[in-house]
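> can't give you the sequence, but here's the structure:
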C-alpha cells in the first residue's frame, strides 16, 4: 500500500524567511505532484516531477525529487504573505487518475 | 474554457437520502476521478475512469457508485447517504500523456445530517 507523509503539517513563518516542506512516500512511484489549495478553494497544480533528480522552479517555490530516497521537497525562498495556503504532495502508480495524497502542510506566512 | 465543472457547490442531505454529484469537463481528457477531502487526511480516491464505459474503484469506494457514459461526464452517486459521507468532494480530469497533470473542479461540500 502506497503511503505518503508530509512534514511539517503546520508551518508558521515570517516573511522573508526560507523553509522546506518534505514529502516521503513508501513505495516506488512513477511521478510526483505538488498542489496548492487556498481555503475553501480547489487544488491548483504547481509541479509535476517525473524522474530522479528532477528540479522545477516557479517564482519563490522550488520542488525536487529523489526517487532513491523516496523523497520530494518543496522549498520556499524569501516567503511572502501570498504564499499562505495548504500544500499537498501526491504520488501515482498509473498516471494522474490515481493519486495518493499526503496530509497537506498548512503554511501561514506572517508579515 | 470552463475546465472541470462540479455541481452543486453545497448540499445538505438527510441520512438515507440519495443524490448525484455532477462532474463535467470540456478538455477531452480520458481520465476522470473522484476524491473526498476530510480534515487532516488529504484527499482520498473514491472511483476513477480511464475512458468512457470504464470505471474502477479507488481507496474508499463503499457507498458510492459511478458511471462514465461519455468522455465529458463522470457523475458520483450516493445511494443512501450516511453522516460518515459528510465531506468535500472533488472531481479531477487529466490526459494520458507523460505529464498527466490533474485538473480539479471547485468541489462540492456535502453535509449529511
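Alright, I've got the coordinates. Computed from a predicted structure; not experimentally measured.
> did I read that right, residue A:82 in a strand?
No. Secondary structure of residue A:82, determined by DSSP: H, G, I helix; E, B strand; the rest coil: helix, with no strand assignment.
> What's the separation between it and chain B?
20 Å (CB to the nearest CB, to the nearest Å). Heads up, the C-betas are built off the backbone N, CA and C, glycines and all.
> what helix or strand is the residue positioned nearest the centre of chain B on?
Against the mean C-alpha coordinate of chain B, by CA atoms, centre = their mean, the closest residue is residue B:34 at 2.9 Å. Assessed by DSSP states H and E, residue B:34 sits inside strand B:31-37.
> what pLDDT, on average, does that strand get?
Averaging pLDDT along strand B:31-37 yields 96.
> neighbouring contacts of that strand?
A:95-99, A:101, B:21, B:23, B:25, B:43-51, B:58, B:60, B:64, B:66, B:68, B:74, B:76, B:85, B:87-96, B:100, B:102, B:107 (CB atoms under 8 Å, 6 or more residues apart in numbering or on different chains).
> C-terminal to that strand, what's the next element?
Past strand B:31-37, the next helix or strand by DSSP H and E is strand B:43-51.
> remind me which residues of chain A are low pLDDT?
A:94-97 (pLDDT under 70).
> ok, and the closest non-adjacent residue to residue 26?
Defaulting to chain A. residue A:3 (4.3 Å; CB to CB, 6 or more residues apart in numbering or on different chains).
> actually it's chain B I care about, not the one you picked
residue B:2 (5.3 Å).
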